[in-house]
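>>> My questions concern the predicted model and sequence given below.
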Amino acid sequence: MYIKKIKLKNFRNYEEQEIELGKNINIFYGDNAQGKTNIIESIFLCSIGKSFRTSKDKELIQFNKEMCSSFIEFEKSDRDGSVKVDISNKKSIFVNGVKIKKLSELLGNLNIVIFTPDDILILKEGPDKRRRFLDVMISQLRPNYVNCLNLYKQTLEQRNNYLKQIREENKPEEMLEIWDEKLAEYGEKIRRVGHFELRGHTGDDRCGGLRRGADCCGRPPGNAAHSRHGRSERHVRRGRREPGGRTGP
């Protein structure tokens, strides 16, 4: 796959810019603050649907403008395609000229890997950043992965809210089993998709322990019902469950 053309309008410091790329290595060079990283950001936006530099889409819009757009035309071995992202009061994404309804419809069209100076924190800091890095990479190869991930996070948030209700409103603890079962279901889907996707692209079994009954943290499952019961009691006392407890990457 290679990117044939980039078109920017009111994107960061670019009022209107068109860039044609070659099939081989392309290098952007110039003085500081000239917009080199902005071009990379526009590619990332069309691939993942969001910026790697800010969580606020409106920061991508040029000063004193009401909207911006990033358009990318690409070529793959089996087809050509295009992605366009328009940002104004809301964000609209078009794949091959058709507006998509779900982010998973975008993922996998334009596969990229980006490494920035901040990414050194993947190695230096805690597992959250490593999980996020793997989540982004796997989501491009298996778009359904991001749906499972979102369902897991939504269920975790609902479970944490219910834990607070147990402590503050004396809600029945037995209802936690419903949330535990859903977390286990989505966590298993995340683990299964992520594990086999990584195996398939590295050519070896980096998470071989999963086949022997361990999750990605190396913990054996043991008696799942007993483990969930013990964890639930601790979570009620704490009032929440930490997101790091999922069995995904």
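Now that the structure is in, tell me what you want to look at.
>>> pretty sure Ile122 contacts Arg131?
No: using Cβ atoms under 8 Å, Ile122 makes no contact with Arg131, being 9.8 Å away. (Each C-beta comes from the backbone N, C-alpha and C, glycine too.)
>>> between the two, who's got more neighbours?
Of the pair Ile122 and Arg131, Arg131 is the one with more neighbours under other Cβ atoms under 10 Å, namely 20 against 16.
>>> Asp31 belongs to a helix?
No: counting by DSSP: H, G, I helix; E, B strand; the rest coil, Asp31 is not found in a helix; it is coil.
>>> contacting residues around Val83?
With contact set as Cβ atoms under 8 Å, 6 or more residues apart in numbering, Val83 has these partners: 46-47, 71-72, 74, 93-95, 106, 109-110.
>>> among the residues you listed, which two are most distant?
Of all pairs drawn from these, the widest gap by Cβ to Cβ lies between Phe74 and Ile93 and measures 14.7 Å.
>>> The closest residue to Gly22 other than its chain neighbours: neighbour count?
Spatial nearest neighbour of Gly22, chain neighbours left out: Tyr2 (7.9 Å); criterion: Cβ to Cβ, 6 or more residues apart in numbering. Residues near Tyr2, counting by other Cβ under 10 Å, number 11.
>>> what does Ser69 give?
Ser69 - counted by other Cβ under 10 Å - has 20 other residues nearby.
>>> go on, the one 5 residues further on?
In terms of burial, Phe74 registers 22 neighbours under the definition other Cβ under 10 Å.
>>> So, low pLDDT: which residues of the protein?
194-249 (pLDDT under 70).
>>> Backbone dihedrals for the residue sitting furthest away from the middle of the chain, please?
Distance from the centre of the chain peaks at Asn170, with 36.0 Å (Cα atoms, centre = their mean). Dihedral pair for Asn170: phi 60, psi 40, per degrees, to the nearest 10.
>>> how about the strands of the chain, start to end?
Using DSSP state E, the strands of the chain run over residues 2-11, 14-20, 68-75, 80-87, 91-95, 98-99.
>>> Put together a markdown table for these, with distance to Ile114 on each row.
Shown next, in a markdown table, are those (distance: least, Cβ to Cβ, whole Å):
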| stretch | distance to Ile114 |
| --- | --- |
| strand 2-11 | 13 |
| strand 14-20 | 17 |
| strand 68-75 | 14 |
| strand 80-87 | 16 |
| strand 91-95 | 19 |
| strand 98-99 | 25 |
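>>> mind checking which of these is nearest Leu149?
Short answer: strand 91-95, nearest of those by Cβ to Cβ, at 18.5 Å.
>>> Okay, angle between the closest one and strand 80-87 too, please.
170 degrees (axes from the mean of the first three to the mean of the last three Cα atoms, to 10 degrees).
>>> What residues sit buried inside stretch 15-31?
17, 19, 21 (16 or more other Cβ atoms under 10 Å).
>>> My read is that the first one contacts Lys7, right?
Yes: with contact taken as Cβ under 8 Å, Gln17 and Lys7 are classed as touching, separated by 7.3 Å.
>>> okay, now Ser42: neighbour count?
Neighbours of Ser42 (other Cβ under 10 Å): 27.
>>> thought it was touching Cys68?
No: taking contacts as Cβ under 8 Å, Ser42 lies outside contact range of Cys68: 9.3 Å.
>>> shared neighbours of these two, which are they?
Joint contacts of Ser42 and Cys68 (Cβ under 8 Å, 6+ apart) are 8, 11.
>>> quick revisit: residue contacts, the residue farthest from the centre of the chain?
Here Asn170 is in contact with no residues (criterion: Cβ under 8 Å, 6+ apart).
>>> And for Glu41?
Going by Cβ under 8 Å, 6+ apart, Glu41 touches 12, 51-53, 60.
>>> how far away is it from Lys9?
Using Cβ to Cβ, to the nearest Å, Glu41 is found at 14 Å from Lys9.
>>> re the thing from before, and the residue nearest to Gly22, how far is that from Glu20?
Tyr2 sits 11 Å away from Glu20, taking Cβ to Cβ as the criterion.
>>> I'm done for today, thanks for sticking with me.
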